[in-house]
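# model this:
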Amino acid sequence: MTIFIAVVLGALLSMLYKLLVAPRRIARWVNESFVAADYGLVPREALDARRSGPPPPPYRRKETQAVADAAWEGHWQVAEAYVEAAGQDWDERWSRTELLQQVACEDDTWLDEWRAARPGNCDAATIHAGLMVHRAWEIRGSDYANAVSRERMDTFRSMLPAAIAEARQAALLDPVNPGPWVVMVTAARGAQYEREQFQPLWDGLVSRAPHHYSGHWQGLQYWCAKWFGSDKLMTAFAEQAVRNAPPGSPLAGVYLHSLDELVKRSGSSALPTTRAAKDLLEKVAASLAEVAPDNEHLPSLRHLLAHYMVQSKMYAAALEQFRLIGPWCGAEPWRKDGNPVEAFEIARGTAAKFSGA
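Numbering: from 1, shown residues only. Take a look at the predicted model:
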């Protein structure tokens, strides 16, 4: 019995050290001794918490602002040309579709005029269907279901079937365009689609765009435990995304979002710590290394990757990610405690201290 108590007490003391003492020691070392430049990192005074990555180049900002202004002025033809210019780069086309949906949130008169003038245009119909889903979700809010009033939840659920019907009609207008299927996959969990109802929507999406990043992010949400899946099903879905990610695609980053879901549900103790889990993080890093530097998803994914590499004690690999991130620290892993600069500095200091660099 005495031995048992000693073992339990030892485990408890070890856990308390890891939770309370070790983080304070690291924080003190970072504040007093860490010199970022010694490890190829930008100095603390250069850190910028306003963004997760560099701002888009001026020409890109001017282009998107010009498209928005033209739409609000009633020149829907500019919006139409803007989407069509993406061709069959389906990730880029979806990004432009989402931008126009945001423009329509402010004023959708131009969208109504576009749909009236081009009743056979799939993009206009897709934007409208996506806008319907967005408005439904605005009513619901982002809280867990038990924190949403019955009235708001009922309204939310009553709006989604019409959005899905609209997306189905959009899909008929352009059989190769995956956009309407992304809308349907997005709406499916809110519409309480069972797995046998969801699967045909997913098959419709990936048959048109097997590596669609935003589509996979929405699919991950469906398969997570808070909706219609489980931790096991969500993780299997995310691991498959890593295996299937083609060169140049950010798709492997979906795995990092699955880790986020695990932590939000059960805390950091839910993170997988096996050699296989670390191998997956290394594969994600290798995949992201092939993504174009100006990809809109890359900065936030690098932050998540660095964060989970530190959590997994992959310090040297995490340090390399911090070097690639540069001065930008306004990303999700660092914002949650209210001081992103400090959280980012401690994380990269930890990586530096234990990296062997």
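
# and the next helix or strand past the helix or strand harbouring Leu280?
Leu280 belongs to helix 275-288 when assigned by DSSP states H and E. Where DSSP H and E defines the elements, the next helix or strand beyond helix 275-288 is helix 298-311.

# OK, contacts around the closest residue to Phe34 other than its chain neighbours?
Using Cβ to Cβ, 6 or more residues apart in numbering and skipping residues adjacent in sequence, the residue nearest Phe34 is Gly349, 4.3 Å away. Placement of C-beta: from N, CA and C, glycine included. Contact analysis of Gly349 by Cβ atoms under 8 Å, 6 or more residues apart in numbering lists 26, 29-30, 34, 36.

# thought Arg61 was touching Pro55?
Yes - the criterion here is Cβ atoms under 8 Å, and Arg61 meets it with Pro55 at 7.5 Å.

# how close does the closest residue in space to Leu160 that isn't next to it in sequence sit to Asp143?
Nearest non-adjacent residue to Leu160, counting by Cβ to Cβ, 6+ apart: Ala191, 4.2 Å away. Separation of Ala191 from Asp143 (Cβ to Cβ, to the nearest Å) stands at 18 Å.

# related to what we said a few turns ago, can you pull the contacts of the residue nearest to Leu160?
By Cβ under 8 Å, 6+ apart, the neighbours of Ala191 are 157, 160-161, 164.

# could you turn the buried ones of these into a ChimeraX selection?
Those of those that count as buried under 16 or more other Cβ atoms under 10 Å are selected in ChimeraX with:
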select :160,164
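
# which of the contacts of Ala191 fall in helices?
Among the contacts of Ala191, the residues falling in helices (DSSP state H) are 157, 160-161, 164.

# for the residues you listed, which one is nearest Arg118?
Ile164 (21.7 Å; Cβ to Cβ).

# distance check, that closest one against Gln65.
32 Å.

# then Asp279?
For Asp279 relative to Gln65 (Cβ to Cβ), the value is 43 Å.

# ok, and the closest non-adjacent residue to Tyr39?
Spatial nearest neighbour of Tyr39, excluding adjacent residues (Cβ to Cβ, 6+ apart): Ala352 at 4.3 Å.

# so who does that neighbour touch?
Here Ala352 is in contact with 34, 36, 38-39, 41, 315, 319 (Cβ under 8 Å, 6+ apart).

# let's have these in CSV, adding pLDDT.
Below are those laid out as CSV (pLDDT from 0 to 100):
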residue, pLDDT
Phe34, 92
Ala36, 95
Asp38, 95
Tyr39, 96
Leu41, 97
Tyr315, 97
Leu319, 98
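
# buried among those? Need that as a selection in ChimeraX.
If you want just the buried ones from these in ChimeraX, going by 16+ other Cβ under 10 Å, the selection is:
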select :34,36,39,41,315,319
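
# just the contacts of Ala352 now: which is nearest Asp108?
Of the contacts of Ala352, the one sitting nearest to Asp108 (Cβ to Cβ) turns out to be Leu41, at 45.4 Å.

# my understanding was that that closest one contacts Phe322; is that so?
Yes - between Leu41 and Phe322 there is a contact at 6.0 Å, judged by Cβ under 8 Å.

# what do those two both touch?
Arg348.

# for Glu80, state which of the contacts of Ala191 is nearest.
When the contacts of Ala191 are compared against Glu80 (criterion: Cβ to Cβ), the nearest one is Ile164, at 23.9 Å.

# SS state for the closest residue to Glu290 other than its chain neighbours?
The shortest distance from Glu290 to any non-neighbouring residue, by Cβ to Cβ, 6+ apart, is to Pro247 (4.8 Å). Three-state assignment for Pro247 (DSSP: H, G, I helix; E, B strand; the rest coil): coil.

# count of neighbours near Pro247?
8 (other Cβ atoms under 10 Å).
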